[in-house]
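Novice: Here is my input; please provide its structure:
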Amino acid sequence: MTIREFKMPDVGEGLTEAEILKWYVQPGDTVTDGQVVCEVETAKAAVELPIPFDGVVHALLFEEGTTVDVGQVIISVQTEGGAGAEAPVAVAETAPAAAAEAAAEPAPEARQPVLVGYGVSTASTKRRPRKAPAGTAAQNGSAAPAAPAAPAVPAPLPAVPAQPSGERPLAKPPVRKLAKDLGIDLASVVPTGDGGVVTREDVHAAAAAALTPQAAEPAAAQAAAPASAPVAVAAAPAADAAARETRIPVKGVRKVTAQAMVGSAFTAPHVTEFITFDVTRTMKLVQELKADPDLAGLRINPLLLIAKAVLVAIRRNPDVNASWDEAAQEIVLKHYVNLGIAAATPRGLIVPNIKDAHAKSLGELSESLSSLVATARDGKTSPADMQNGTITITNVGVFGVDTGTPILNPGESAILAVGAIKLQPWVHKGKVKPRQVTTLALSFDHRLIDGELGSRFLADIAAVLEHPRRLVTWA
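Specialist: Down below sits the predicted model:
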């Protein structure tokens, strides 16, 4: 008998960690090759993990709800041995001990988490360790002192000078811009890149360190209060504050979304333009298409025609469908459109995309939209469905919102926010009449799209929706 270990895999979307949502087996259960043993939540999707060998479950090394790094052992299985079996391990080893040992192991080579619709990329630096909760400080360090300690003082920067005196720091232009945006002096940053080059991670670390003294000031001010103040009086507000607030760990979808949005906001120079126009004819066309027998059974709604209008506008302005390759310093023009549709799900916002949307008929586009939304709501969207998007549509109008300033998905050139369609007074044929009116907002990467191109693209989308016959004449 031998004990084989199954590690948290990288399912091919560049993840660095995943949360165990549910175990389908327990110690003592018999498992077979290919049997699903657990469900994990990755960057944006729930994924079921099959085990690659037969045996009897020996131990589950992590509980449900635990976030586990890729490469850590999550389950051990007792097998009959034979070819391919790993070296036996101590059967007496308990699950908690194994989990502690796995946590102590060095993390595998890190890969950057990605937002939905963005490709896999290998990181150039190692992961930074997670910050331990404040309550665990006494367990990880020396014993806590009996008397109250002085206010914590931020750890000083390394004694080694960040940059040699008088020399210009080595950094790429995007990193210099990031430092300028964050107010960081590159000469004060300790470089970790090859040859003493300052990396993006170094700048973020310096920015975080700069914020630490500001966070410590309130604590220092409290320590300067008169020592005669009753302890009970000071403890009461703290207890009251804890009761008035709830702290939620940042992990899973929220963590990856936050990282991607911050990265996008500080990498791609955003420009947002707006246009308000009459969509009464488009709304009439929606009703006519719903009654068309050739489209029976298909979901026909304004979003379908908006998506078609975007595709027509891309055909008229193909340069908007591109991406920026920072490493190669190239603009990559895409001859296909993977149209992203932002979808709100119980796990958070995800952006699956319709592959080769430009080649689909109206009926095929309707089927793809319906399938995409249903799969997202069920939490079954696959990682492949959320990769390699080119342009995205987010429909904030369903919440009654007029418009917004959406943030680009990393790797994409533009994102269109669709506002609510409302009956408003509008000048039509020289007279003020009630008309269906909406507002579109287009955010685009100004490195790829200049003002003229972005304006023409947005104007073309509005022109198609204002006079939907252009779906035929411009196509």
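
Novice: only C-alpha atoms for contact and neighbour calcs from this point on.
Specialist: Fine.

Novice: how many neighbours does the nearest residue to residue 315 once chain neighbours are set aside have?
Specialist: Spatial nearest neighbour of residue 315, excluding adjacent residues (Cα to Cα, 6 or more residues apart in numbering): residue 475 at 8.0 Å. Look at residue 475: counted by other Cα atoms under 10 Å, it has 13 neighbours.

Novice: before we move on, which element is the closest residue to residue 443 other than its chain neighbours in?
Specialist: Using Cα to Cα, 6+ apart and skipping residues adjacent in sequence, the residue nearest residue 443 is residue 272, 4.1 Å away. Element membership of residue 272 [criterion: DSSP states H and E] is strand 270-278.

Novice: Give me the buried positions along that strand.
Specialist: 270-272, 274, 277-278 (16 or more other Cα atoms under 10 Å).

Novice: ditto for stretch 401-411
Specialist: Applying 16+ other Cα under 10 Å to stretch 401-411 flags 402-411 as buried.

Novice: again, but for stretch 381-388
Specialist: By neighbour count with 16+ other Cα under 10 Å, stretch 381-388 contains the buried residues 381, 383, 385-388.

Novice: Kindly report the same for stretch 193-202.
Specialist: In terms of neighbour count (16+ other Cα under 10 Å), stretch 193-202 has its buried residues at 193, 197-202.

Novice: In strands only, show me those residues.
Specialist: Of the buried residues of stretch 193-202, the ones assigned to strands by DSSP state E are 197-198.

Novice: and the buried residues of stretch 193-202 as TSV, adding pLDDT and distance to residue 327?
Specialist: As requested, the buried residues of stretch 193-202 are exported to TSV (pLDDT from 0 to 100; distance: Cα to Cα, whole Å):
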residue	pLDDT	distance to residue 327
193	84	15
197	85	15
198	86	16
199	88	13
200	83	14
201	85	16
202	86	18
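
Novice: Specify which member of the buried residues of stretch 193-202 is nearest to residue 32.
Specialist: Within the buried residues of stretch 193-202, proximity to residue 32 (Cα to Cα) peaks at residue 201, which comes in at 43.2 Å.

Novice: For the helix or strand harbouring residue 59, which outside residues touch it?
Specialist: Secondary structure from DSSP H and E places residue 59 in strand 55-60. By Cα atoms under 8 Å, 6 or more residues apart in numbering, the residues outside strand 55-60 that reach it are 3, 25-32, 74-80, 94-95.

Novice: what do you get for stretch 305-317?
Specialist: Contacts of stretch 305-317 (Cα under 8 Å, 6+ apart): 282, 286, 320-321, 337, 357-358, 362, 393, 453, 456-458, 460-461, 464-465, 471, 474-475.

Novice: Can you give me the buried ones in that stretch?
Specialist: 305-315, 317.

Novice: mind listing which of the residues you listed are in helices?
Specialist: When DSSP state H is applied, the buried residues of stretch 305-317 are split such that 305-315 fall in helices.

Novice: helix or strand right after the strand holding residue 272?
Specialist: Following strand 270-278 in sequence order, the next helix or strand is helix 280-290 (DSSP H and E).

Novice: Helices along this structure, start to end?
Specialist: 95-104, 137-140, 173-182, 200-223, 231-244, 252-267, 280-290, 302-316, 362-377, 451-466, 470-473.

Novice: helices or strands up against the third one?
Specialist: In other words, helix 173-182. helix 200-223, helix 252-267 (3 or more Cα pairs under 8 Å, 6 or more residues apart in numbering; DSSP states H and E).

Novice: Worst mean pLDDT among the ones you listed?
Specialist: Mean pLDDT is lowest for helix 200-223 among the helices and strands packed on helix 173-182, at a mean of 64.

Novice: before we move on, back to that, now the buried residues of strand 270-278 in JSON lines, with pLDDT and distance to residue 185?
Specialist: Output for the buried residues of strand 270-278, formatted as JSON lines (pLDDT from 0 to 100; distance: Cα to Cα, whole Å):
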{"residue": "270", "pLDDT": "86", "distance to residue 185": "24"}
{"residue": "271", "pLDDT": "90", "distance to residue 185": "27"}
{"residue": "272", "pLDDT": "94", "distance to residue 185": "30"}
{"residue": "274", "pLDDT": "97", "distance to residue 185": "36"}
{"residue": "277", "pLDDT": "97", "distance to residue 185": "46"}
{"residue": "278", "pLDDT": "97", "distance to residue 185": "50"}
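
Novice: Residue 420: neighbour count?
Specialist: Other residues lying near residue 420 total 19 when counted by other Cα under 10 Å.

Novice: Would you agree it is in contact with residue 394?
Specialist: No - look at residue 420 against residue 394 with Cα atoms under 8 Å: they stay out of range, at 11.7 Å.

Novice: Show me the shaky parts of the stretch 301-450 of the chain.
Specialist: Of all residues in the stretch 301-450 of the chain, none has pLDDT under 70.

Novice: could you redo the last one with a cut-off of 80?
Specialist: Where the stretch 301-450 of the chain drops to pLDDT under 80, the residues are 346-348, 379.

Novice: circling back to that earlier point, ok, the strand holding residue 272: who's next to it in the sheet?
Specialist: Next to strand 270-278 in the sheet, as set by DSSP bridges, lie strand 431-445 (antiparallel).

Novice: In the strand it pairs with, which residues are buried?
Specialist: In strand 431-445, counting by 16+ other Cα under 10 Å, buried: 435-445.

Novice: Direction-wise, compare it with helix 280-290 and give the angle.
Specialist: Comparing the axes of strand 431-445 and helix 280-290 via axes from the mean of the first three to the mean of the last three Cα atoms, to 10 degrees yields an angle of 80 degrees.

Novice: just the angle between strand 431-445 and helix 451-466, please?
Specialist: Using the same axes, to 10 degrees: strand 431-445 against helix 451-466 is 140 degrees.

Novice: mind checking how far strand 431-445 is from the chain centre?
Specialist: 29 Å (Cα atoms, centre = their mean, to the nearest Å).

Novice: got the contact list for it?
Specialist: With Cα under 8 Å, 6+ apart, strand 431-445 has contacts from 268-280, 283, 402-408, 413-427, 454, 458, 462.

Novice: ok, residue 424 - contacts?
Specialist: The neighbourhood of residue 424, defined by Cα under 8 Å, 6+ apart, consists of 434-437.

Novice: got it, and residue 36?
Specialist: By Cα under 8 Å, 6+ apart, residue 36 lies in contact with 24, 48-51.
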